[in-house]
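Novice: got a predicted structure plus its sequence, pasted below:
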Amino acid sequence: MDDNLNNQQNQEQNDQQQNEQQQSQQQNEQQNYQQYYQQYVQQSQQPNNQQNGQTPSNGKAIASLVLGIVALVCVFFGYTSLLGIILAIVGVVLGTAAKNEQPSGMATAGIVLSIIALGICAVAFLACIACAGALAAL
């Protein structure tokens, strides 16, 4: 009888230990899940470019640089320098906006190139008007 009682007590102790182990395992799993979920939320709140280790690009700075280049090319085609003036003004505005949002060398280059293109296009357009006026006077 004592053996049965001892076996029962041992069985109850073993069951209790198993229950405690299961509870601690469930708590560990829950903690791991919560940590994983918090990491997932933090990663999903970051922009996609930063998740891959890439730096985010600035589209306005790129547009400013491209518009400055195109405005400079417009100088060589006579009256298209008027189009160059418009493109250069838009380039300066986009470059300034890009520099205010996220300062970068590309934004600075876009602003400088657009200002140079604006000046050259204005001079070229005035020269075209002066030439046309001189030809009309003949």
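Specialist: Yes, it's here. Numbering: from 1, shown residues only.
Novice: okay, and the helix or strand of this structure with the least pLDDT?
Specialist: Among the helical and strand segments of the chain, the one scoring lowest on mean pLDDT, DSSP states H and E is helix 48-51, with a mean of 53.
Novice: moving C-terminal of that helix, what's the next helix or strand?
Specialist: Stepping forward along the backbone from helix 48-51, the first helix or strand reached (DSSP states H and E) is helix 59-74.
Novice: how about that next one: buried residues?
Specialist: By neighbour count, and taking 16 or more other CB atoms under 10 Å as the criterion, the buried residues in helix 59-74 are 60-65, 67-72, 74. In short, each C-beta sits where N, CA and C put it, glycine included.
Novice: contact partners of it?
Specialist: The contact list for helix 59-74, computed with CB atoms under 8 Å, 6 or more residues apart in numbering, reads 80-81, 83-85, 87-88, 90-92, 94-95, 97-99, 101-102, 104, 106-107, 109-114, 116-118, 120-121.
Novice: chain center to it: distance?
Specialist: 19 Å (CA atoms, centre = their mean, to the nearest Å).
Novice: turn the buried residues of helix 59-74 into CSV, columns for distance to Q25 and pLDDT.
Specialist: Shown next, in CSV, are the buried residues of helix 59-74 (distance: CB to CB, whole Å; pLDDT from 0 to 100):
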residue, distance to Q25, pLDDT
K60, 53, 93
A61, 53, 94
I62, 53, 95
A63, 56, 95
S64, 58, 96
L65, 58, 95
L67, 62, 96
G68, 64, 95
I69, 64, 96
V70, 65, 96
A71, 68, 95
L72, 69, 94
C74, 72, 92
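Novice: fine, thanks again, bye for now.
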